[in-house]
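K.L.:
Build me a structure from this.
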Amino acid sequence: GTELRVNILQPTVAELRSLGYPSEFSPDGAMPTLYDYQRLDLGVPFKNMTGEFTRFADVRELLKNVDDQFVIMARGEEITLEFEASTLPELPSGWSRTLILHSDGYCKDMDIYTAFPDTVKPLPYHGMKNYPPAEPNPNISASEEYQRVWNTRRIVGN
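P.N.:
Predicted structure coming up:
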């Protein structure tokens, strides 16, 4: 049988920042495509949603728990992650390591069939039955504090 060992690493760096759009390419012409971070396009004319986005900063605090405090990213942005692999146990002979990024979040696009496609709000939360939520987040005070502290970048859409 196959033995599996799981080790969980928390990021030592999680920085939200502006990036642009890496050029897509395929070395062999087949899927999946890869991204060239040395060739960035900074001027892709995608639309912006209007709303409050997470400030550029260290966002480890927002990533450490599965809760309703998300990093709200705009187009052309990224979170750079770094992990300290030296804390992992040595691999037994013949073993290999597979890294899996486990994340929890929502993706909202600007499709005409998406509810409120032009605005960041209303924000989703884990207990909602549908989007848009029929009721506000029941933990409204924590939600308001999170938004006041973290989501300080106002972007106006086009």
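
K.L.:
buried set for the lengthiest helix in the chain?
P.N.:
Ordering each helix of the chain by length in residues (DSSP state H) puts helix 140-150 first. By neighbour count on 16 or more other Cβ atoms under 10 Å, the buried set for helix 140-150 is Ser143, Tyr146, Gln147, Trp150. C-beta: built from backbone N, CA, C; applies to glycine.

K.L.:
what's next to stretch 74-85, contact-wise?
P.N.:
Residues from elsewhere that reach stretch 74-85, judged by Cβ atoms under 8 Å, 6 or more residues apart in numbering: 9-21, 42, 44, 46, 48-49, 53, 59, 63, 71, 73, 101, 153, 155.

K.L.:
so what strands line up beside the lengthiest strand in the chain?
P.N.:
What stands out as the longest strand in the chain, according to DSSP state E, is strand 34-41. For strand 34-41, the paired strands and their directions (DSSP bridges) are strand 21-25 (antiparallel).

K.L.:
Could you check how far the partner strand is from the centre of its chain?
P.N.:
Computed by Cα atoms, centre = their mean, to the nearest Å, the separation of strand 21-25 from the middle of its chain amounts to 18 Å.

K.L.:
Repeat that for stretch 78-87.
P.N.:
On the basis of Cα atoms, centre = their mean, stretch 78-87 sits 15 Å off its chain's mean C-alpha point.

K.L.:
could you dump it to PDB, C-alpha only?
P.N.:
The C-alpha trace of stretch 78-87 is given here as PDB (Å, rounded to 0.1, in the frame of the first residue of the first chain):
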ATOM      1  CA  GLU A  78      -1.100  38.600  -6.400                       C
ATOM      2  CA  ILE A  79      -0.200  37.200  -3.000                       C
ATOM      3  CA  THR A  80       3.400  36.100  -2.900                       C
ATOM      4  CA  LEU A  81       3.800  33.100  -0.500                       C
ATOM      5  CA  GLU A  82       7.000  31.700   1.100                       C
ATOM      6  CA  PHE A  83       7.300  28.700   3.300                       C
ATOM      7  CA  GLU A  84      10.100  27.500   5.600                       C
ATOM      8  CA  ALA A  85      10.800  24.000   4.200                       C
ATOM      9  CA  SER A  86      13.700  23.300   6.500                       C
ATOM     10  CA  THR A  87      11.200  22.500   9.300                       C
END
